[in-house]
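Undergrad: Structure for this input, please:
(2 chains)
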Amino acid sequence: MSVQEIVRPAAASNLVMEARNVTVRFPIEDAPEVTAVNNFSIQIKPGEFIGIMGEPGCGKSVAAQALLGLVRPPGYLASGEVLFQGHDLLKMDPEESRKLRGKDIGMIVQNPRYSLHPMYRVGQQIAKVYRAHNPVTKQEAWDHAIAMLRMVGINDPERRANAYAHELSSGMAQRVLIAIALSSKPKLLIADEPTSGLDVTIQAQFLDQMWENVRQTNAAVVLVTQDLGIVANYCDRVLIMHKGSVVEQADVHSFFRSPNHEYSRAILALQREETSEERNTREVKVDSTSKPLIKVDKLTKLFPIRRSESKVHAVDGASFEIRPGECLGLVGESGSGKTTAGRCLLRLVEPTSGDIFYRDLNLSKLTRDEFRKKRDKLQIVFQDPLDSLNPRWTVEQCLMEPLNLHSTMTAEQKRARMQELMQLVGIDPGQIHALPKEMSAGRQQRVSIARAIATNPDFIVLDEPTSALTPETTAEIIRLLMDLSRKLGIAYLFISHDLTTVKYICHRVVVMYLGQVVEVGTKDQVFNTPAHPYAKALLSSHLFPNVENRRVDRAVRETLQGEIPSPITERLPKGCYLYGRCPSQKDRCKAEKQELKTIGDGRQVRCWRVAEGDLPIEVAVGH
Amino acid sequence: MTITPGPQVAATADASGVVVIPKRRRIDIWRKYKEEKLFAFGCTMVAIMLLLALCEILHLELGLPTRITPYDPNFATGNVSVPPPPLADWPGLLVDTIFNGAKPPHWFGTDNSGLDVFSRTIAAPRTDMTIALVAALVSMLLGTFVGLICGFYRNIATEVVMRISDLLQSFPVFITAMVLVALSGRQVWNIVLALAIVYAPIFVRLTRAEVMSQSVRGYVESARAVGNPEWKVAFRHVLPNSLIPSLIQVSSTIGFAILLTSGLSFVGAGVRPPTPEWGLMISLGAPQIILGEWWQSIFPGVAISLTVFSFAAVGHGLEEDYG
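TA: Residues are numbered from 1 along each chain as shown, chains lettered A, B, ... in the order given. Okay, the predicted model is just below:
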């Protein structure tokens, strides 16, 4: 099934919008023009939820803007038309198309905080847009704004309508944006990465809301995203863009089952391999009885707040163990303290209290200088690959540094070792003199990994190593990490909010919430039968790219209420930290501090209801 | 010096021998030189001034035949002033002076002592450029080092250093320099030191601000994680990435230092006469303007303006691209 076959001229009457052969080019000084969007065609039916996917720079955002009738200079329209209600948006008078944009075509952009006007109340902003397109009085518009806020699921909309943008959380600001976009009941909604930067629980709340709202009004949605999970769980149809062209256009079920294009297969690699032989051969077998390599005991990190007695409880008595060769996943929302925990482990942040043992050595008792000498065995790979490499150093300099610091090799041996490292992580020898900014994000991350393994460490903290990467590169890096662990016997602490990769790579999983460990178990235990209510909610909110169990098809879409509280001494809940958000809470939870207790199947859970058998452990619906 | 193909000539010239520009950037500088007239003018003027200074220094210090002044700047060759003529002749004489005072062989005329103004104007860069260059360099080195320490280690001691630097900056530059020179004596090296001290706080501020913003970058944490001791993190990672603002600033500082050097000699707190020096020449020529002898002050004045402007143009050009 080729692209051409799908895009055949259809009766325009039952389509919301049709784009034909849209080509947008960007002239570049002293270089040939760049074709950002090449022959982009799409037909949108009422009520359809369409996903446009592709790596950064593939032209998906430019294409989405063209659907709005916008081509931003210096880019220009080389050919094509966008038909909406019988008009060509791209050739229309700008004033006319502006009227259509607010009324019949809604737009939701990335970064909700910046998109709201800081000096108007949010209710006014909704009312303003509504009045611009509908002949109503101020009072009617205001009432409509409140009704819209209620519709997008904001509690107490009368009060919230009077709030300013900075008074809202980012999740709530995003809802206000949907309210603005939907206020005139548009026939088409275009959302450009609306949830990037939001936590999974908030993302799920938001997308559920958007999905319900458009189903009510039978609007069509075009969602631009990089996230396979969003596509699998919400979209009906998906367009894959690669280097400006649509390489695949398919029904979401058939796309995930049998992707046609090579590029589609590459981005789906991790999901397709998950159960396959290939993954199993990569997996390291860990002896579960062996002595722990790293043992963390009651690790606590409090950050003082300026001019205040209270403190930020980043990590609150976390304990866990990592065995040699094991990959331990550390998951949780942002603000759960997982990154701080990883940094405390390597004393990049000094822990407030608690012990960290490396074999029998208590790392937290060493002086900074003694610990520095141990860094050859304990390494870290950071989240942002470009930021974590010195911008002025070449690959060679980056890789030689750990060798120069820790080894007693001769210059020739070091060079040989460097060649070996480059081969291990798959960097082309020709790139030895390249600067970080001259390489792709995936290459940069390979250099970071090579730097980390240079001195033969036993243990590496992987701090969200793939969150800045595209799905395709993520798959490559995850495979590389598993290969390295198998070949070199390295143990990992894999910190991530992306449960899909955690599920692929990890042996055991630690779930953190507000600085506390709430559940520790094997991967199968935590993913198949999560016990702690937070782990359950996290798994159910996470959008696994699995079309067999779509979130929108589920009868109950479990998620947490509200947002993660701020971890400041006096604002922390008195009893269980989840009290107030938990769907299974009881009165006892309000006042009783929870302890991490080992339950029947060997895992540890911080919830009295689970420990006392009051809350049954069920098979998760999440995936 | 290595063999310098086209692009590198441009890089060395505009950088006035100070700026170490990484290989990749030289091409950009060369392109900038070709495309931007103001920047190219600045670079050319700076190069000419450096050349003049170099020729004079080589001649005086090593006795090489590199003197390019048509007359010896320190020996009278022209007409010495004569007793004033009768009052009735003055108007005609004034006109005569204005139009005929500066003509070949003394293109820029001669001063009161009969010294050739042209020779003295082009001999002056030896003094002005040397003082300004060395002073700017010393203040950059000093300021960058202090700024690095103060930005990297944030504690009470470095806070005190910053307050001292603020204090120094709160006095007018000219007054501070004058006091320092008056206290230490009018030797060339004292002037250099005084200038270096008054301009150092700018570099301290600039470097400290950049160091503070670089210190929170990922690569700094990565350098710690790989096992670098703190001093290595500071000097090998943070410092090279924090130099750009200072390197850009140095060009305008040289310009200001030239202005200050001449200013000091104008008020009598700088180099001693009869050293060829622009400020001194203006100062000696100023009382003669009323007599129609405009050339004594105008030519060195124009030289100062051009040089300061050129350094500012170079600094501005670099700032646009790398600031």
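Undergrad: Just the buried residues of the helix or strand that contains B:Gln169, please?
TA: Using DSSP states H and E, B:Gln169 sits in helix B:156-170. Neighbour counts over helix B:156-170 (16 or more other CB atoms under 10 Å in any protein chain shown) mark B:Thr158, B:Val161, B:Met162, B:Ser165, B:Leu168, B:Gln169 as buried. (Each C-beta comes from the backbone N, C-alpha and C, glycine too.)
Undergrad: Now those residues in CSV, please, with extra columns for pLDDT.
TA: As requested, the buried residues of helix B:156-170 are exported to CSV (pLDDT from 0 to 100):
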residue, pLDDT
B:Thr158, 93
B:Val161, 94
B:Met162, 94
B:Ser165, 93
B:Leu168, 91
B:Gln169, 90
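Undergrad: residue ranges with poor pLDDT in the stretch 51-200 of chain B?
TA: Scanning the stretch 51-200 of chain B with the threshold set as pLDDT under 70 gives B:76-85, B:102.
Undergrad: if we go to 80?
TA: Along the stretch 51-200 of chain B, segments meeting pLDDT under 80 span B:63-107, B:109-114.
Undergrad: For the stretch 151-300 of chain A, give the residue positioned nearest to chain B.
TA: Going by CB to the nearest CB, chain B is nearest to A:Ile294 of the stretch 151-300 of chain A, at 15.6 Å.
Undergrad: how many neighbours does the residue lying closest to A:Arg550 once chain neighbours are set aside have?
TA: Among residues not flanking A:Arg550 along the chain, A:Asn233 sits closest, at 5.1 Å (CB to CB, 6 or more residues apart in numbering or on different chains). As a burial measure, A:Asn233 scores 26 neighbours (other CB atoms under 10 Å in any protein chain shown).
Undergrad: Okay, A:Asn233 and A:Lys536: tell me how far apart.
TA: From A:Asn233 across to A:Lys536, the span is 17 Å (CB to CB, to the nearest Å).
Undergrad: how about the strands of the stretch 351-500 of chain A, start to end?
TA: For the stretch 351-500 of chain A, the strands defined by DSSP state E, counting those that start in this stretch cover A:353-358, A:361-362, A:378-381, A:459-463, A:491-495.
Undergrad: again, but for the stretch 501-623 of chain A
TA: Under DSSP E, counting those that start in this stretch, the stretch 501-623 of chain A gives strands at A:508-513, A:516-522, A:597-598, A:604-605.
Undergrad: Compare those and give me the one nearest A:Asp384.
TA: Checking the strands of the stretch 501-623 of chain A against A:Asp384 by CB to CB gives strand A:508-513 as the closest, at 21.1 Å.
Undergrad: Which helix or strand contains B:Ala313?
TA: Short version, using DSSP H and E: B:Ala313 is in helix B:295-322.
Undergrad: List the buried residues for that helix?
TA: Buried, per 16+ other CB under 10 Å, within helix B:295-322: B:295-301, B:303-304, B:307-308, B:310-318.
Undergrad: With stretch A:438-447 instead?
TA: Result for stretch A:438-447 [16+ other CB under 10 Å]: buried residues A:Met439, A:Ala441, A:Gly442, A:Arg443, A:Gln444, A:Gln445, A:Arg446, A:Val447.
Undergrad: got the contact list for that stretch?
TA: The contact list for stretch A:438-447, computed with CB atoms under 8 Å, 6 or more residues apart in numbering or on different chains, reads A:381, A:385-386, A:389, A:395, A:398-399, A:425-427, A:431, A:436, A:465-466, A:468-470, A:473, A:476-477, A:480.
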